[in-house]
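J.: Sequence and predicted structure are below.
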Amino acid sequence: MKIGYFAPSYKRTYKSITQKKYPFVILIVKEDEEEEYKKNGNIVETCPNEIQGNIARVRNYILDKYKNKFDAIVIIDDDCNKIGYWEKQKYYIFEPDHLQEFFESMYILTKDFGFKYFGLNCVMDKGAYREHTPFSTNKFIGAPCSMILTDNECRYDEQIPLKEDYDFTLQNLKKYKGALRANYVSYDVKQAKQVGGCANTRNNTEEERQFNLLQKKWGSKIIQKDNTSKRKFDFNPILKSPIKGV
């Protein structure tokens, strides 16, 4: 099998945190920023300038451009500090070779389930680790680190680039009757804590606007606000699976 590893990057020309930890990941940057990224030691491939500025559009570009070169594509945020897993109540960090072996085995398992989308737990702390349920089949999969089989016909909704992973999860649940998530594995990313990337457009007004679009698309029984959050408007909706599963 062949798995490609890519990280969209925009206006973060300094050395990628992800590439420092996992050097086999290739950054996808716009043509105008290529030289600046390379000056700082990044390994990059380019996309047309007009593709950047919308993360959903960049993800679709990666899936379409490389779908005939790989059996699966892993897309990771460019600011990923680490990916790790729980084992016997201890947390371990994947080293590069180990992480690639993990995704290769998960590719086989995802295919065996009959799914075409695989992801990780989006929460790292021990309390979120479902010790007796290592895998889920109908839960949210976050875009900061996920694997898409290249025969997956779903594509990210470019109208909601701040909520594209919620929508993509639901598309897969609807079309393929599930998506595989490893609950014992999680990622650590900075997301909105630094400049560049989605942080350029992420604010309460835009988050709420895109939440409303997402809820209108899937319905208020499936997409709900997190009213327990201390934020005025929580960036992360609650996704209620429309299908049965684990």
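T.: It's in.

J.: quick one: pLDDT of the residue nearest the centre of the chain?
T.: Centroid-nearest residue in the chain: Ala143, 1.6 Å away (criterion: C-alpha atoms, centre = their mean). Note for Ala143: predicted pLDDT of 96.

J.: quick one, what contacts the nearest residue to it once chain neighbours are set aside?
T.: The spatial neighbour of Ala143 that comes closest, neighbours along the chain excluded (C-beta to C-beta, 6 or more residues apart in numbering), is Asp165 at 3.6 Å. The way it works is simple: take the backbone N, C-alpha and C, and place the C-beta from them, glycine included. When contacts are counted by C-beta atoms under 8 Å, 6 or more residues apart in numbering, Asp165 touches 140-143, 146.

J.: How far away from the center of its chain is the longest helix seen in the chain?
T.: Under DSSP state H, the helix in the chain containing the largest number of residues is helix 96-113. Centre-to-centre, helix 96-113 and its host chain are 16 Å apart (C-alpha atoms, centre = their mean, to the nearest Å).

J.: so what's Ser146 bridging to?
T.: Counting by DSSP bridges, Ser146 is bridged to Ile75, Gly119.

J.: Run a quick neighbour tally on it.
T.: Other residues near Ser146 come to 22 when the count uses other C-beta atoms under 10 Å.

J.: my read: it touches Tyr117, true?
T.: Yes: contact criterion C-beta atoms under 8 Å: Ser146 and Tyr117 qualify, at 6.9 Å.

J.: mind showing which ranges of this structure have poor pLDDT?
T.: 191-202, 229-234 (pLDDT under 70).

J.: at 80 instead, please
T.: Under the criterion pLDDT under 80, the flagged ranges of the chain are 126-130, 191-203, 227-235.

J.: Which stretches in the chain count as strands?
T.: 3-8, 26-30, 44-47, 72-76, 80-87, 90-93, 117-121, 135-136, 145-149, 180-189, 223-224, 238-239 (DSSP state E).

J.: Give the other helices and strands that the longest one contacts.
T.: It stands for strand 180-189. Packing partners of strand 180-189 (3 or more C-beta pairs under 8 Å, 6 or more residues apart in numbering; DSSP states H and E): strand 80-87, helix 96-113, strand 117-121, strand 135-136.

J.: Now do the last one: everything it contacts.
T.: In this structure, residues lying in contact with strand 135-136 by C-beta under 8 Å, 6+ apart are 130, 180-183, 245-246.

J.: try stretch 73-82
T.: Contacts of stretch 73-82 (C-beta under 8 Å, 6+ apart): 3-9, 12, 16-19, 21-22, 25, 27, 59, 62-63, 66-67, 93-94, 103, 143-148, 150, 187-191, 194, 197.

J.: Buried among the residues you listed? Make that a PyMOL selection.
T.: Buried residues among these (16 or more other C-beta atoms under 10 Å), as a PyMOL selection:
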select buried, resi 3+4+5+6+7+8+9+12+16+17+18+19+21+22+25+27+59+62+63+66+67+94+103+143+144+145+146+147+148+150+187+188+189+197
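
J.: Many thanks, we can stop here.
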